[in-house]
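[1] Quick one, what's the 3D model for this:
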Amino acid sequence: MKKARPIIWGVAIMALGIIFACRAIGWFDFDIFFDGWWTLFIIIPSVVSIFTEKDKLASVGFLSAGIILLLAAQGVITYDMAWKIILPVFLVLIGLGIILRTIFHSDNDKEVEQKVKEVGDGKSLDSQMAIFSGSERTYKDETFTGSNLVAVFGGVELDLSHARFTKDTVIKAFALFGGIDIRVPEDVIVKSRSGFIFGGISDDRKSDREKGKHTIYLDAAGGFGGISITDKTTKH
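    Numbers count the residues shown, from 1 in each chain. Okay, here's the model as predicted:
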């Protein structure tokens, strides 16, 4: 689906160019700067995300907000009413997301949950925290035994590409309006469970994800944030 994203954007930009060209030669008169035209910067990316992103509830939420603001700009409703509607829409979608994740609890989620209890419960995890700031940690020929990562309005980078693994480990991660980047060796398997509301985990590795000597069990949660998993094969 990642390849579809630039294609959709390309088609949208081409369509915009055609519209401007037709308007310039007088085929039709269309004013793109209508009342509320700025809401297109919310609506169009949201529509693209619905077709290209895994977490569609977030895209639906922002699409709904864009449409509501467009109606306000057009005078159908007042801006005061628009903001009063947007908050309940997001609350309903957040609640729906929690319910769906609870009902459709995958076997992978159950396995990660169980392994986190077995491998990580009672263990000492290195803590890395970034609140309105950034934090970087690189393991160089050090044994990795697990981490507890927190990013709130900030960013955390954990580089494990040169770390030593002697057994399966656990990473507990929480990102709220923030991002966490985890770089792992190519011979380590990563199994994750996502409890994100409006956000998620992006695994951008090109290597074989099913083969490895040891496994990292990633227990992730948060909102309006994300976690990126990469290795040496990932293009930056």
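[2] C-alpha from now on. contacts and neighbour counts both.
    Will do.
[3] show me what contacts residue 229?
    By CA atoms under 8 Å, 6 or more residues apart in numbering, residue 229 lies in contact with 181-184, 201-205.
[4] Give me the buried subset of those.
    Buried members of the contacts of residue 229, scored by 16 or more other CA atoms under 10 Å, are 181-184, 201, 203, 205.
[5] Using the three-state scheme, assign the closest residue to residue 195 other than its chain neighbours.
    Nearest non-adjacent residue to residue 195, counting by CA to CA, 6 or more residues apart in numbering: residue 221, 4.3 Å away. Of the three states, residue 221 takes strand under DSSP: H, G, I helix; E, B strand; the rest coil.
[6] how close does residue 221 sit to residue 169?
    Distance of residue 221 to residue 169, given as CA to CA, to the nearest Å: 18 Å.
[7] give me every residue that touches the residue nearest to residue 195.
    Residue 221 makes contact with 173-175, 194-197 under the criterion CA under 8 Å, 6+ apart.
[8] beta partners of it?
    residue 174, residue 195 (DSSP bridges).
[9] helices or strands up against the helix or strand hosting residue 23?
    Per DSSP states H and E, residue 23 falls inside helix 4-24. Packed against helix 4-24 by the contact rule (3 or more CA pairs under 8 Å, 6 or more residues apart in numbering; DSSP states H and E) you find helix 40-52.
[10] Who wins on neighbours among the contacts of residue 221?
    In terms of neighbour count, residue 175 stands highest of the contacts of residue 221 at 28 neighbours, by other CA atoms under 10 Å.
[11] pLDDT (mean, whole number) over the helix or strand containing residue 148?
    Using DSSP H and E, residue 148 maps to strand 147-152. Averaged over strand 147-152, pLDDT sits at 92.
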